[in-house]
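Peer 1: the sequence isn't on hand, but the structure is:
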């Protein structure tokens with residue numbers, strides 16, 4: 001199946017939602033129909049992702065960066081993307097400087113995970129990159145659903161407001177001066193957590209090291225079909241080199257196809 005053509009989206013608003021994260025509110029702007037084009041492929045996953053395409057139409061090899069959708073709003077015709085801005089890559093730099101009226105091309109969306117209402121409990125584990133999907137998942141839970149959340153971030157100023165109606169217990173794990181993706185905070189927290197009775201559906205997404213730490217522990221306790229695990233990024237890799245690394249892995253690491 002051919003990849004969808006990137007469509008131009010306009011920055012409507014930018015919001016600083018934590019010390020290290022900026023929310024980009026994107027819409028049609030002068031490019032009527034762009035939102036509709038994306039909407040035809042949106043399937044309602046809470047882990048829905050798009051490609052931001054930098055240099056589309058101007059460069060022979062435009063640069064793409066993958067981001068999870070924080071909100072897809074058909075009524076307001078808005079697409080929200082939360083970007084971690086403490087890095088120096090092309091997307092972080094652009095997001096820090098983005099202003100209303102700026103245009104970015106977007107390809108997608110795709111997705112693979114949504115919480116199953118039939119599960120007895122939901123376990124959500126990730127770092128900054130997983131916050132958008134975790135936030136959207138929590139908002140989708142009903143009053144009678146329960147979840148436990150472990151999120152690794154730099155410090156208190158990096159915590160992002162989350163909302164939910166269900167029975168939710170959120171744990172923010174602060175790594176301090178340690179580099180993102182180098183600690184055992186998430187693995188330690190999940191292993192110390194009293195695993196509940198019943199069917200647990202687990203979402204474990206973030207730095208690729210989680211595939212070798214949290215993933216095997218969770219798979220010992222939950223059915224494989226109830227475990228969504230994906231490396232969003234890898235320490236020391238650009239997105240291009242990370243894709244190359246993933247292509248060499250012989251183990252099926254439960255990553256969404258094409259991410």
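Peer 2: Ah, there it is. All values derive from a computational prediction rather than experimental measurement.
Peer 1: who are the packing partners of the least confident helix or strand in the chain by mean pLDDT?
Peer 2: Ranking every helix and strand in the chain by mean pLDDT, DSSP states H and E puts helix 239-248 at the bottom, with a mean of 84. The contact analysis (3 or more CB pairs under 8 Å, 6 or more residues apart in numbering; DSSP states H and E) places helix 239-248 against strand 63-73, strand 227-233. (Each C-beta comes from the backbone N, C-alpha and C, glycine too.)
Peer 1: comparing these by mean pLDDT, which bottoms out?
Peer 2: Mean pLDDT is lowest for strand 227-233 among the helices and strands packed on helix 239-248, at a mean of 91.
Peer 1: that one pairs with which strands, parallel or anti?
Peer 2: If you go by DSSP bridges, strand 227-233 pairs up with strand 200-207 (parallel).
Peer 1: following the chain past the strand it pairs with, name the next helix or strand.
Peer 2: Note on strand 200-207: by DSSP states H and E, the next helix or strand toward the C-terminus is helix 214-219.
Peer 1: now tell me what touches that next one from outside.
Peer 2: The set of residues external to helix 214-219 that reach it, using CB atoms under 8 Å, 6 or more residues apart in numbering, is 123, 125, 186, 187, 190, 191, 202, 204, 227, 229, 253, 254.
Peer 1: again, but for stretch 83-90
Peer 2: By CB under 8 Å, 6+ apart, stretch 83-90 touches 20-24, 54, 63, 65, 67, 91-92, 95-96, 128-129, 154, 238.
Peer 1: from those residues, keep the buried residues only.
Peer 2: 20-24, 54, 63, 65, 67, 91-92, 95, 128-129, 154 (16 or more other CB atoms under 10 Å).
Peer 1: narrow the residues you listed to those in helices?
Peer 2: Judged by DSSP state H, these include 91, 92, 95 as members of helices.
Peer 1: and those residues, which is closest to residue 242?
Peer 2: Of all these, residue 242 sits closest to residue 91, with 13.5 Å by CB to CB.
Peer 1: number of residues surrounding residue 60?
Peer 2: 5 (other CB atoms under 10 Å).
Peer 1: now swap in the one 4 residues further on and tell me
Peer 2: Around residue 64 there are 20 other residues, counting by other CB under 10 Å.
Peer 1: would you confirm that it contacts residue 53?
Peer 2: Yes - between residue 64 and residue 53 there is a contact at 5.3 Å, judged by CB atoms under 8 Å.
Peer 1: joint contacts of those two?
Peer 2: residue 107.
Peer 1: my guess is residue 169 contacts residue 138, does it?
Peer 2: No - judged on CB under 8 Å, residue 169 makes no contact with residue 138 at a distance of 11.0 Å.
Peer 1: out of those two, which sits in the more crowded spot?
Peer 2: A side-by-side neighbour count of residue 169 and residue 138, using other CB under 10 Å, places residue 138 first with 22 against 10.
Peer 1: residue contacts, the closest residue in space to that one that isn't next to it in sequence?
Peer 2: Distances taken as CB to CB, 6 or more residues apart in numbering place residue 164 nearest to residue 138, at 4.0 Å, with adjacent residues excluded. With contacts defined as CB under 8 Å, 6+ apart, residue 164 is in contact with 138, 139, 141, 147.
Peer 1: distance of residue 164 relative to residue 27?
Peer 2: 26 Å (CB to CB, to the nearest Å).
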